[in-house]
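Participant: Here is the input, now give the coordinates:
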Amino acid sequence: MRLLLAALLSVLAPGWTPAAESAPELIVEAQSPEGEFDYDLTTGVATADKGVVVRYAGAVLTAQRVTVMQAKDRIFAQGNVRLEREGQTWVGDSVSYNYKTKQLDADFFRTAQGPFYAAGEVVGTDPSNNTYTARGAYVTTDDHSRPVQRVRAKQITIVPGKSIEARGATLYVAGVPVLYMPYYRRSLERHPNNFSFVPGYRGRFGPYLLSSYNWYLNDRVDGALHFDYRMKRGLGGGPDLNLHLGRWGEAEFKGYYAHDEAPDLQGPAETTRADRERLAFLYRNDLSNNLSLKMAARYQSDPWLIRDFFEDEYRRNVQPGSFLEVNKLWRHWSLDALAQPRLNDFMETVERLPDLKLTGFRQQLGRTPLFYESESSFGWYRRLYANDQGLDYSAWRGDTFHQVVLPQTFFGWLNLTPRIGGRFTQYSAADGPGGLTASDSRFVLNTGLEVSTKASRVWPGLHSRFLDINGLRHIVEPSFNYAFVPTPNRRPPHLPQFDYELRSYRLLPLDFPDYNAIDSVDAQNAIRLGLRNRLQTKRGEGIEELLNWALYSDWRINPRAGQPTFSEVYSDLDFVPRSWLAFSQETRMDVNTGQLKEWNHRLSILPGDRWTWTVGNRYLRYDPLYPADLKQNLYYSSIFYKLNENWAVRLAHHFEGRDGRMEEQYYTLYRDLRSWTAAVTVRLRSERARDDDFTIALTLSLKAFPRFKLGEDADRPNLLMGG
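Facilitator: Alright, predicted model coming up:
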């Protein structure tokens, strides 16, 4: 039998499982057909060589030769030993491992649990507290056989997933001892405390240095202390505090104060003040699976503080608001309570103190084919204009909307969904200097019909190397949505406007409740026509979309005053002829005049990690319905090129074609410093309202704890200049 087992398993049988009745199983597999396997039935000792893999309870061990002593639950491995367990990787020449107690002993080892790496001469394990101890070892964040910086110690203790501790430690940089530390500890659960600096020069700042001390008290409390100096603008700084409170939620506090020595640089016709500050408090708590609380309180001394000192935040949200919201969710219902005060007088705001909304999701009415949905709200609203223009007004409003739909499918391919609903809204008399409306009520009836279908055809034999097509499926989806709303008994000009319609370059929803400008509801008799074409093909192991093209427009049977019969025709196109080549297009054309109102193109070439190139154009024609300065003919380009393993460059340009102005230029040079990455960024911005702005900045980032997420500096290049 011993000879039979050796003969079978030496040619790589599916695996050897001693004590197969136990759970979990210990599985030993040979990696080479020439591997030899020997099992002694008397002693229960198994030996395998010429490449072996051992698996047990999620741990995987590979080595050239393995001896398994089943009676002692121990594995002896020799030659290129690699052990992976619980996110920790151990590499050594020889290892003794108890696969049940997880005790590990090795002569020389290397281990990694990103972002830390360690190596040493001897390692021992204490199974009682899951710790590993090594002598004559070092720890580093440099993933290299000869790290630039490392901490060498007489003894290192590793708690997988928890911490690394070193006693009698010395910091070496380029092989030179620079600092002795009797005790050194690094957590594997959080970032260590560290400083970050962004030195640079900007035309509006002069030479500047943005510095932060990032600290981590424990897994519940961390933050940063900012101290900034701008030669032309003076000193600024403040604290950040982050609280991770588990079941009590997440909280974030930000404070910043700057004594601005040149506040007149804010912009034309703006109030200047030297003392500029901001405070922000954000909180979120998912109290349960269906109950959440969100809060944001943001105060700033003037409208341009964030634009001047926190450019990245300003680009993402020009006018950040303050609110408190509690949401309770059921299977078919949702209750939302919102309080929205104004904390900054220079911002136009609609205060909601409070706004209560009950939403009924689309749900079946008993066993009938009918479905019901609703939305009801009640609150006190106050429309406040910026800087007290004497136009403010407030009122109570109660609104309730109910609708019944009847989704039906005919012939297995035609989808019809008729709907009918009604809305009732009650307003109190408007108070305030701008309040001109009396107590009033409004009734609205709405009906409609949505029709859609889908047809497809497959050409399995169609192939094209040029377009990377391996079979083709064409899907066509025509649709139309008819909405009819009779003229309500009270039209928008006679009602206070709290939730009002905002001009948009895209089509607004036709039907309720998606159309949520409650106070702007008016007569509607229109059909939205749509046609979508999709082409799909096989690429690799899956199916990819070669083309996705949607056309849609509104036919206004009874247009409102100032509206043409047909709205602009919209076209949204995504075309991916190769997996590394993508083209997108958005167009808007006025069919009544034949004018092209909007034209957006974007081409992305991503052939690999060596280089990428994105180029595009955004054209926006002048429209008297919108401010004249919004017309645009912008060309943009972003190129990333990796010169070699250590150097890379990125070039980005924004060119405005209507007046031949290069509005913005970015040039970034990246350098890989093994443990660090460095980036030198030059930006030249040409603005029409202010003088040209030149910036150059240096950013350093430790690979173990990067400053930005992967690719974030490409989408938000201003982060490279300190934000």
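Participant: in this protein, which spans are helices?
Facilitator: 2-9, 305-309, 311-316, 712-715 (DSSP state H).
Participant: outside of the second one, which residues touch it?
Facilitator: Helix 305-309 has contacts (Cβ atoms under 8 Å, 6 or more residues apart in numbering) with 204, 228, 236, 256, 258, 265-266, 276-278, 300, 313-314, 320. In this view, the C-beta of every residue, glycine as well, is placed from N, C-alpha and C.
Participant: Which members of those residues are classed as buried?
Facilitator: Among the contacts of helix 305-309, those classed as buried by 16 or more other Cβ atoms under 10 Å are 204, 228, 236, 256, 258, 265-266, 276-278, 300, 313-314, 320.
Participant: Distance to W555 added to those residues, as TSV?
Facilitator: Shown next, in TSV, are those (distance: Cβ to Cβ, whole Å):
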residue	distance to W555
R204	51
D228	56
G236	56
Y256	52
A258	55
L265	51
Q266	48
R276	52
E277	53
R278	49
Q300	46
E313	42
Y314	40
P320	39
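Participant: any idea which of these is the one closest to L287?
Facilitator: Distances from L287 to the buried ones among the contacts of helix 305-309, taken as Cβ to Cβ, are shortest for P320 (24.5 Å).
Participant: got the contact list for the nearest residue to that closest one once chain neighbours are set aside?
Facilitator: Closest residue to P320 apart from its sequence neighbours, by Cβ to Cβ, 6 or more residues apart in numbering: R298 at 4.8 Å. By Cβ under 8 Å, 6+ apart, the contact set of R298 is 278-281, 320-322, 343-344.
Participant: How much space separates R298 from L305?
Facilitator: According to Cβ to Cβ, to the nearest Å, R298 stands 11 Å off from L305.
Participant: mind giving me the domain split of the chain?
Facilitator: Using automatic domain parsing, the domain ranges for the chain come out as 2-107, 345-525, 568-723.
Participant: Export those to TSV and append columns for mean pLDDT and distance to L547.
Facilitator: Converted to TSV, the domains of the chain look like this (pLDDT from 0 to 100; distance: least, Cβ to Cβ, whole Å):
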stretch	mean pLDDT	distance to L547
domain 2-107	71	42
domain 345-525	94	9
domain 568-723	87	5
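Participant: how close does R352 get to Q319?
Facilitator: As judged by Cβ to Cβ, R352 and Q319 stand 16 Å apart.
Participant: Settle it for me: which of these two has more neighbours?
Facilitator: R352 (20 against 13; other Cβ atoms under 10 Å).
Participant: Find the nearest non-adjacent residue to that one, please.
Facilitator: Closest residue to R352 apart from its sequence neighbours, by Cβ to Cβ, 6+ apart: Q340 at 4.3 Å.
Participant: wait, doesn't that neighbour sit right on G321?
Facilitator: Yes: contact criterion Cβ atoms under 8 Å: Q340 and G321 qualify, at 6.7 Å.
Participant: Next, count neighbours for P433.
Facilitator: The number of residues packed near P433 is 11, by other Cβ under 10 Å.
Participant: Repeat that for the one 3 residues further on.
Facilitator: When neighbours are defined as other Cβ under 10 Å, L436 has 11 of them.
Participant: repeat for the one 5 residues further on
Facilitator: One way to gauge burial is a neighbour count; for S441, by other Cβ under 10 Å, it gives 11.
Participant: got the contact list for Y138?
Facilitator: Counting by Cβ under 8 Å, 6+ apart, Y138 makes contact with 118-120, 147, 150-153, 156, 172.
Participant: how about a cut-off of 10 Å?
Facilitator: Shown in contact with Y138 (Cβ atoms under 10 Å, 6 or more residues apart in numbering): 117-120, 147, 150-153, 156, 166, 169-170, 172.
Participant: Which ones among the residues you listed lie within strands?
Facilitator: Counting by DSSP state E, the contacts of Y138 place 117-120, 150-153, 156, 166, 169-170, 172 in strands.
Participant: tell me the two of those residues that are most distant?
Facilitator: Within the ones in strands among the contacts of Y138, two members stand farthest from each other by Cβ to Cβ: Y117 and T170, at 17.1 Å.
Participant: More neighbours: which of these two?
Facilitator: Y117 (20 against 17).
Participant: Quick check: pLDDT value at that one.
Facilitator: Note for Y117: predicted pLDDT of 76.
Participant: what sits against it?
Facilitator: Here Y117 is in contact with 89, 110-111, 138-144, 147, 150, 704 (Cβ under 10 Å, 6+ apart).
Participant: again, 6 Å this time
Facilitator: With contacts defined as Cβ atoms under 6 Å, 6 or more residues apart in numbering, the neighbours of Y117 are T140.
Participant: is it in a bridge, and if so with what?
Facilitator: Assessed by DSSP bridges, Y117 has beta-bridge partners A112, T140.
Participant: From here on, call the first residue 29.
Facilitator: Yep, numbering from 29; the last one is Y145 now.
Participant: from the ones in strands among the contacts of Y166, which would you call buried?
Facilitator: 145-148, 178-181, 184, 194, 197-198, 200.
Participant: picking up where we left off before, looking at the ones in strands among the contacts of Y166, spot the one nearest N544.
Facilitator: Checking the ones in strands among the contacts of Y166 against N544 by Cβ to Cβ gives Y145 as the nearest, at 53.9 Å.
Participant: From Y125, how far off is that closest one?
Facilitator: Separation of Y145 from Y125 (Cβ to Cβ): 20 Å.
Participant: Over to W424?
Facilitator: As for W424, its distance to Y125 is 73 Å (criterion: Cβ to Cβ).
Participant: neighbour-wise, which of the two wins?
Facilitator: The neighbour comparison of W424 against Y125 (other Cβ under 10 Å) goes to Y125, with 26 against 16.
Participant: Please name the residues that touch the more buried one.
Facilitator: 103, 132.
Participant: now do L444
Facilitator: Here L444 is in contact with 436, 479 (criterion: Cβ under 6 Å, 6+ apart).
Participant: Recalculate using a threshold of 7 Å.
Facilitator: For L444, the contact set (Cβ atoms under 7 Å, 6 or more residues apart in numbering) comprises 436, 438, 477, 479.
Participant: Can you pick out the most distant pair from those residues?
Facilitator: Within the contacts of L444, F438 and L477 form the most distant pair, 13.2 Å apart (Cβ to Cβ).
Participant: out of these two, which sits in the more crowded spot?
Facilitator: Neighbours per residue (other Cβ under 10 Å) separate F438 from L477, with L477 holding more: 17 against 9.
Participant: Pretty sure that one sits against A511.
Facilitator: No: here L477 lies out of contact with A511, judged by Cβ atoms under 7 Å, at a distance of 8.7 Å.
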